[in-house]
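**Student:** Quick one, what's the 3D model for this:
(one chain, ligands or ions: 2)
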Amino acid sequence: MIIPNPIVSTTEKVVQPPTITHGPIGPGPVIIRIEGEKPEKDDVGDNVPGILPTSVEPGRRLSEGERLLLEALAELRSPCAARTGRFLTLHKRRRRRLSTRSLNECPALLDDLHHGNVKCVLDRVWQWPFNAFTLDTATGGRSLPVLCVHLFHWYGLMDHFNLDVVRIWKFFSLVEEGYHSTNPYHNAIHATDVTQAMHCFLQEKKIREHLSPLEILSALIAAVTHDLDHPGVNQPFLIATSNHLAALYSNTSVLENHHWRSAIGCLLESHLAEEVASVRPELEKQIASLILATDITRQQEFLAQFKNYLDGDSLDMRRPEHRHFILQIALKCADISNPCRPWEISKKWSLKVCEEFFRQGDYERQLNLPVTNLCDRFSTSVPKIQTGFFRFVVEPLYIEWNRFLNTPLSQTLMRHLKRNQTKWESLQQQEVSEETRTEISEAEEAGSDPPTEPQPRRLSLLTVPRFTSKASDHRRHSVPISMTIHLQPRRESLPDPQRRATLGPMLDEDDELSLVSSCSSVRSKSGSYTEERPVSSEALVPDLSIASMTSSGEAQRLSSILQGNAIPLAPQTGRLTRQQTFPPLQQPTQYVRQRYLSATGDMRGSSSSDSSGGDRCGETKPLLTKEKENVDPTDAMKCIRKQQSQVLWKRRKSEPVGLPPYEAPVTSTSSIRRGSVPADTATILIATARPQRGDEERRKRRASKKSLRRRSSGGPETFRQKEASTRRRGSLPIEFGGLTSSASGRNLKDTMRH
Ligand SMILES: Nc1ncnc2c1ncn2[C@@H]1O[C@@H]2COP(=O)(O)O[C@H]2[C@H]1O
Ligand SMILES: [Zn+2]
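**Tutor:** Residues are numbered from 1 along each chain as shown. Ligands and ions are numbered 1, 2, ... in the order given. Next up is the predicted model:
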């Protein structure tokens with residue numbers, strides 16, 4: 001079978017403004033790229049799908065005027081914007097192009113592949129032990145379109161709806177592109193996995209024999225787009241960071257609303273919508289409703305209804321609304337089906353999803369937001385998350401699903417689920433016993449009884465800050481100084497050797513991610529703590545950034561277009577430019593470079609100031625006020641810190657304790673005092689600092705009852721914690737609550753709220 005090349009379109013020639021690219025150095029000769037044309041041999045590098053480079057009028061050099069004009073056009077529609085502009089929370093997509101990407105230019109090769117490994121995988125696509133990672137490898141990272149096109153043929157949807165295969169390819173390529181390949185979990189492979197699970201469920205007799213082609217079409221499209229353009233953080237994070245999507249969807253099913261609307265956007269952009277014009281309203285309605293059902297916070301609602309139907313034996317699959325309900329449940333089950341895969345596959349998903357949680361925790365920490373329990377790599381672990389998720393989320397749903405289907409497939413799912421659950425429980429148990437052992441030995445070492453005060457779990461795995469000599473010099477009390485989070489550009493970490501040894505039998509050496517959450521601190525011989533460089537996992541190189549659409553105005557506009565209330569934007573102007581919204585865990589310089597890829601004038605203005613390394617706080621003000629939801633987090637954080645420093649400085653003057661001279665702004669390597677520090681600092685510390693187990697001073701304090709009593713009777717931390725929590729309003733991060741008393745804090749809060 002010849003797989004159509006999704007890129008070289010012979011049937012359509014989209015009229016788009018040309019984009020231009022320069023040679024490697026300086027403006028140089030200009031190559032014009034025109035959509036739909038075949039590339040020159042040597043110019044097939046980093047193509048935007050649908051835009052292939054070619055030299056028009058070979059040999060002719062452009063005049064200066066033409067060059068400037070084309071440059072201006074390119075600014076409007078740069079390759080980056082073209083690649084990322086159609087979605088709302090886009091970011092850099094593929095960091096490196098897989099070498100097999102060049103297969104796009106060579107369908108015959110792809111065909112060979114298809115008849116090889118890919119065919120092998122696709123031949124078994126109806127079976128439950130499906131490994132989406134294998135398909136992804138076999139297809140050179142194109143599992144999503146390969147699987148979907150295969151399924152569309154298999155179900156006869158191409159013939160039934162008379163679909164153009166090129167448009168179908170284009171549609172799935174757009175969808176694939178809309179997934180963030182740098183998300184460990186919410187990426188195109190997850191979409192492939194869920195679609196395959198959905199395919200298995202659609203094969204179940206109880207379901208299959210009643211479904212109409214339109215329902216199959218909706219179910220497959222919903223499955224593959226259900227997490228489209230997922231930013232890798234959850235809804236509470238979007239709300240807490242005042243993301244424009246949260247405002248757009250009134251804090252309700254924010255991501256799911258965004259996913260289905262992005263799906264419709266792909267239908268439109270690929271022109272598939274035109275091909276299904278006769279059924280389009282119903283198709284869109286079903287896609288929206290199916291995707292909205294995947295909101296995990298609505299689980300109880302669906303589960304209760306499902307139980308109701310099953311208890312009353314009242315499901316009638318001849319009724320469209322009942323079929324639709326079952327498709328909703330099927331998609332929900334498919335979405336959380338990874339715990340029901342064979343252990344090796346399931347475990348891989350578990351590690352990936354947890355890594356994504358932990359990254360969110362890192363963002364929260366960096367922003368001084370309260371770290372979500374589930375996302376705190378220092379206080380929870382993969383086995384703990386998994387046992388909870390399996391028990392409280394997956395099992396209840398799958399029990400009912402099995403009750404409904406009651407087939408070999410559903411029994412297989414339950415079997416895998418139970419087996420995997422037992423494995424995670426046993427891993428968790430080992431973890432607990434190991435921690436208990438560690439605590440006892442530590443207590444013995446400190447010459448005291450085991451601590452009676454409640455200790456955060458897994459304290460021994462806390463990241464201990466690197467104390468700069470300067471900070472240590474200034475330290476006056478026995479209170480641990482903390483807590484600057486040294487966030488390196490994110491990498492995956494491996495479990496520490498000790499823990500790996502404990503969990504050894506359950507783990508493979510090639511596990512890409514840490515089974516435990518993190519063990520990034522090690523103690524050197526000298527007794528000081530150093531950070532262990534986490535081990536990189538190439539396949540899971542994290543986001544450099546997460547980005548968002550230019551403005552909520554554009555989001556609103558897209559929204560109204562999708563609802564059919566507005567004239568769609570012309571292709572040239574309909575592309576939304578990208579801007580970062582969330583903090584990148586990387587060096588600011590790298591971030592600046594990416595941040596200012598946007599063609600927005602204001603942003604360009606800031607770019608130069610950024611690179612000059614001047615006082616960016618003042619310069620980011622227009623950003624904070626003008627482009628509210630797209631605040632550069634690096635700038636925002638610097639502003640926050642600067643303003644904090646101003647507050648601290650003011651307070652310090654009246655502070656009874658002689659504090660070391662404060663050096664503003666606080667940088668990532670400076671430390672924040674704890675204990676006797678001024679009120680606002682303490683509040684910040686609560687959000688960022690965690691007690692450091694193993695810290696010599698803390699051991700001493702633990703051994704000293706007097707010291708313990710002093711702490712528990714309302715020491716600064718206790719007091720501030722109380723104060724911080726009472727001050728906190730709504731979804732406002734703790735840190736901002738702590739700043740309410742100061743004018744600068746108020747200003748900052750106002751600014752951030754927009
Ligand atoms: N193995 C897992 N462990 C913990 N959470 C999971 C796991 N699999 C899925 N989830 C969560 O369940 C959610 C289902 O919807 P999403 O795919 O949007 O995001 C998913 C994750 O947040
Ligand atoms: Zn999902």
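
**Student:** Could I get the contacting residues of Leu409?
**Tutor:** Leu409 makes contact with Trp128, Cys200, Phe201, Gln203, Glu204 under the criterion Cβ atoms under 8 Å, 6 or more residues apart in numbering. Every C-beta, even on glycine, is put in place using the N, C-alpha and C of the backbone.

**Student:** how about the residues you listed in a markdown table, adding distance to Ser346, pLDDT and neighbour count?
**Tutor:** Below are the contacts of Leu409 laid out as a markdown table (distance: Cβ to Cβ, whole Å; pLDDT from 0 to 100; neighbours: other Cβ atoms under 10 Å):
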| residue | distance to Ser346 | pLDDT | neighbour count |
| --- | --- | --- | --- |
| Trp128 | 12 | 97 | 18 |
| Cys200 | 15 | 98 | 21 |
| Phe201 | 17 | 98 | 26 |
| Gln203 | 21 | 97 | 12 |
| Glu204 | 21 | 98 | 18 |
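
**Student:** how near is the closest residue to ligand 2 within the stretch 151-300 of the chain to ligand 1?
**Tutor:** Using Cβ to the ion, the single residue of the stretch 151-300 of the chain nearest to ligand 2 is Asp227, 4.2 Å away. Taking Cβ to the nearest ligand atom, to the nearest Å as the measure, Asp227 and ligand 1 are separated by 5 Å.

**Student:** List the residues that contact that residue.
**Tutor:** Residues touching Asp227, when contacts are defined by Cβ under 8 Å, 6+ apart, comprise Tyr179, His186, His190, Ala191, Val194, Leu255, His259, Thr294.

**Student:** would you turn the contacts of Leu409 into JSON lines with secondary structure and distance to Gln328?
**Tutor:** Written out in JSON lines, the entries for the contacts of Leu409 read as follows (DSSP: H, G, I helix; E, B strand; the rest coil; distance: Cβ to Cβ, whole Å):
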{"residue": "Trp128", "secondary structure": "coil", "distance to Gln328": "21"}
{"residue": "Cys200", "secondary structure": "helix", "distance to Gln328": "16"}
{"residue": "Phe201", "secondary structure": "helix", "distance to Gln328": "12"}
{"residue": "Gln203", "secondary structure": "coil", "distance to Gln328": "18"}
{"residue": "Glu204", "secondary structure": "coil", "distance to Gln328": "15"}
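
**Student:** Which positions in this structure make contact with ligand 2?
**Tutor:** Selection of the chain residues close to ligand 2 by Cβ under 5 Å from the ion yields Asp227, Asp335.

**Student:** so where's the chain shaky on pLDDT?
**Tutor:** Residue ranges of the chain with pLDDT under 70: 1-115, 447-754.

**Student:** Where does the chain get nearest to ligand 1, which residue?
**Tutor:** For the chain, the residue closest to ligand 1 is Phe389, as judged by Cβ to the nearest ligand atom, at 3.8 Å.

**Student:** ok, and that residue, which helix or strand is that part of?
**Tutor:** When secondary structure is defined using DSSP states H and E, the element that contains Phe389 is helix 382-389.

**Student:** Using PDB, list the CA coordinates for the helix or strand that that helix is followed by.
**Tutor:** Taking DSSP H and E as the definition, the helix or strand that follows helix 382-389 towards the C-terminus is helix 395-405. Output for helix 395-405, consisting of C-alpha atoms alone and laid out as PDB, is shown next (Å, rounded to 0.1, in the frame of the first residue of the first chain):
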ATOM      1  CA  GLU A 395     -10.600   0.500  39.500                       C
ATOM      2  CA  PRO A 396     -14.100   2.000  40.200                       C
ATOM      3  CA  LEU A 397     -14.600   2.800  36.500                       C
ATOM      4  CA  TYR A 398     -13.200  -0.400  35.200                       C
ATOM      5  CA  ILE A 399     -15.300  -2.500  37.500                       C
ATOM      6  CA  GLU A 400     -18.400  -0.900  35.900                       C
ATOM      7  CA  TRP A 401     -16.900  -1.200  32.400                       C
ATOM      8  CA  ASN A 402     -16.300  -4.900  33.000                       C
ATOM      9  CA  ARG A 403     -19.800  -5.200  34.400                       C
ATOM     10  CA  PHE A 404     -21.100  -3.700  31.100                       C
ATOM     11  CA  LEU A 405     -19.000  -5.500  28.600                       C
END
